[in-house]
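Enquirer: show me how the following folds:
(one chain, ligands or ions: 1)
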Amino acid sequence: MVEQDIAPAMGSTGKSAAGVRVQFTTPANIQLSMYSLPIYRDFTQRHGYDIGYRDIGYLLLVPHDRWDRHLESVALQQSMGAPVEVLDPIEAQRYVAFDSKGLAGATYGPWDGIIDPHMATHAWVSMGKTLGVEYHLNTPVTAIERLHEGWVIHSGDTVFQCGHIVNATGAWSADVGRLAGLEVPVGPKRIQIFLSAPIEDPRTYPLTIDLATGVYLRSEGDRVLFGLDNLDQDFGFSEGMDWDWMEHVLLTGVDRFPWWGELGIDRKGSWWGYYAVSPDNNPVIGVNPGDPRWIDACGFSGHGIMHAPATGLAVSELIADGHVHTLEIGGFRHDRFETNIAVEGNIF
Ligand SMILES: Cc1cc2nc3c(=O)[nH]c(=O)nc-3n(C[C@H](O)[C@H](O)[C@H](O)COP(=O)(O)OP(=O)(O)OC[C@H]3O[C@@H](n4cnc5c(N)ncnc54)[C@H](O)[C@@H]3O)c2cc1C
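Expert: Modelled structure (predicted):
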């Protein structure tokens, strides 16, 4: 494993909102969650590491014009074994205060919640070491050579040889692909998370998303983190905080969450990171069409934490067995974009 940073989880993983959920609209994504969430839920029992999983839930606030479609997705989630509760807007207010104007109802996922991505990554690194995985940190891949039966990876003067390459470099995946002359249909978009000053309410707010606007929030200790993903922005490695966007988020969300009118902001505690985004906001998992020994696992938008265990399994089966047999990942192949596959509706 070669990583350019000096420690694991310094890329998007350490910048995430750390949410995990089963509430998706396509069978493809629901099965990734249904494989992954039990691993997070039982991690300590199975592997002996605390990864900070807490079932604080995801609460989706659904406007009238999405309600029927949303209930169809809930039926699909439940048919695949996912626990999801349907609530009326009054019941949902036991979790967090909001104005129910325009809302038909809400859904709550009791398995959904958060993990600590740093703790989870460090657990996997430790477990990998016991299996003999070599981790090379502070080792940026600078050049890649194709051999007849594998690859040579260069990091400055250091050289590694391998049979397969797994390109799991997130927002940087297209750049890494280009080092081998391969196209990877993924690019970076900056995403920001804003943090409030401490609030008085002792409740732990679930990761609550207003589907009418896309605005979301959840508790972070005695504070609230909140945001609104700007997926319409152009691709690019733009850096730093955009405080105008925070004003936009607050103005967009204050009608739903009127208490935001009094919310203090912790500017120093707010942060930004990159989404790795494909044309349909779903990941690209599979053999790159340009070379059978190159596997891409990238482009997860806001779902890479929650779908990491399933992705790891799929990639390992591809390499060890030549095909993925536990999960159905055809919908994440490279050539799907021109085809008529189901597009995920719950992208946030
Ligand atoms: C603000 C924000 C909120 C999010 N919220 C959630 C959420 O609630 N739930 C969720 O599931 N997901 C969320 N995500 C998305 C999630 O963080 C990502 O999908 C996930 O972390 C992707 O993991 P990764 O390992 O593919 O990428 P990364 O964690 O970015 O890892 C890629 C690694 O590749 C390394 N690299 C790049 N180029 C090279 C090179 N040339 N040589 C060597 N190494 C290289 C980088 O240094 C980096 O460490 C969020 C993301 C952001 C930014």
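Enquirer: mind checking how far R54 is from W67?
Expert: 29 Å (CB to CB, to the nearest Å). (Each C-beta comes from the backbone N, C-alpha and C, glycine too.)
Enquirer: how many neighbours does the closest residue to the ligand within the stretch 201-348 of the chain have?
Expert: As assessed by CB to the nearest ligand atom, the ligand sits closest to G304 within the stretch 201-348 of the chain, at 2.0 Å. Around G304 there are 22 other residues, counting by other CB atoms under 10 Å.
Enquirer: which helix or strand contains it?
Expert: Counting by DSSP states H and E, no helix or strand carries G304.
Enquirer: close enough to count as contact, it and G14?
Expert: No: applying CB atoms under 8 Å, one finds G304 not in contact with G14, separated by 11.8 Å.
Enquirer: the residue lying closest to W259 once chain neighbours are set aside: neighbour count?
Expert: Here the nearest residue to W259 in space, its sequence neighbours aside, is A97; by CB to CB, 6 or more residues apart in numbering that works out to 5.9 Å. Using other CB under 10 Å, A97 has 12 other residues around it.
Enquirer: in which helix or strand would I find the residue lying closest to L195 once chain neighbours are set aside?
Expert: Among residues not flanking L195 along the chain, G269 sits closest, at 3.7 Å (CB to CB, 6+ apart). Using DSSP H and E, G269 sits in no helix or strand.
Enquirer: got the phi and psi for G269?
Expert: Here is the backbone geometry of G269 (degrees, to the nearest 10): phi -80, psi -10.
Enquirer: bridging across strands, which residues link to the closest residue to G170 other than its chain neighbours?
Expert: Of all residues beyond its chain neighbours, the one nearest G170 is A276 (4.4 Å), with distances taken as CB to CB, 6+ apart. Counting by DSSP bridges, A276 forms beta bridges with P188.
Enquirer: next one: stretch 36-47, is it in contact with the ligand?
Expert: No: Stretch 36-47 stays clear of the ligand (CB under 6 Å from any ligand atom), getting no nearer than 9.1 Å.
Enquirer: what parts of the chain come near the ligand?
Expert: Counting by CB under 6 Å from any ligand atom, the chain sits next to the ligand at 2-5, 10-13, 15-19, 140-141, 168-172, 176, 191, 193, 273-275, 298, 300, 302-306.
Enquirer: try 5 Å this time
Expert: 3-5, 11-13, 15-17, 19, 140-141, 169-170, 172, 191, 193, 273, 300, 302-306 (CB under 5 Å from any ligand atom).
Enquirer: ranges for the helices of the stretch 51-200 of the chain?
Expert: Assigned by DSSP state H, counting those that start in this stretch, the helices in the stretch 51-200 of the chain fall at 64-79, 89-92, 117-130, 173-179.
Enquirer: excluding sequence neighbours, find me the nearest residue to the residue in the stretch 1-150 of the chain positioned nearest to the ligand.
Expert: Nearest residue of the stretch 1-150 of the chain to the ligand: G11, at 2.6 Å (CB to the nearest ligand atom). Using CB to CB, 6+ apart and skipping the chain neighbours, the partner closest in space to G11 is G170 (5.3 Å).
Enquirer: what residues does the one you found make contact with?
Expert: G11, S12, T13, Y274, A276, C298, F300, G304 (CB atoms under 8 Å, 6 or more residues apart in numbering).
Enquirer: what is the neighbour count of the fifth one?
Expert: Just to be clear, that refers to A276. For A276, the count of nearby residues is 25 (other CB under 10 Å).
Enquirer: wait, doesn't it sit right on D296?
Expert: No: the pair A276 and D296 does not pass the contact test of CB under 8 Å, sitting 10.5 Å apart.
Enquirer: pLDDT of stretch 180-193, averaged?
Expert: Computed over stretch 180-193, the mean pLDDT rounds to 97.
Enquirer: quote the end-to-end distance of it.
Expert: End-to-end span of stretch 180-193 (CA to CA, to the nearest Å): 34 Å.
Enquirer: likewise for stretch 335-348?
Expert: One end of stretch 335-348 to the other measures 23 Å (CA to CA).
Enquirer: and what of stretch 151-163?
Expert: Termini of stretch 151-163 sit 6 Å apart (CA to CA).
Enquirer: from the chain's centroid, how far away is it?
Expert: A distance of 29 Å separates the centroid of the chain from that of stretch 151-163, by CA atoms, centre = their mean, to the nearest Å.
Enquirer: and stretch 41-59, what's buried?
Expert: Burial within stretch 41-59, assessed by neighbour count using 16 or more other CB atoms under 10 Å, is assigned to R41, F43, I51, G52, Y53, I56, G57, Y58, L59.
Enquirer: what separation do you get for whichever residue of the stretch 51-200 of the chain sits closest to the ligand and P279?
Expert: Relative to the ligand, the nearest point of the stretch 51-200 of the chain is G170 (2.7 Å; CB to the nearest ligand atom). Relative to P279, G170 is positioned 16 Å away (CB to CB).
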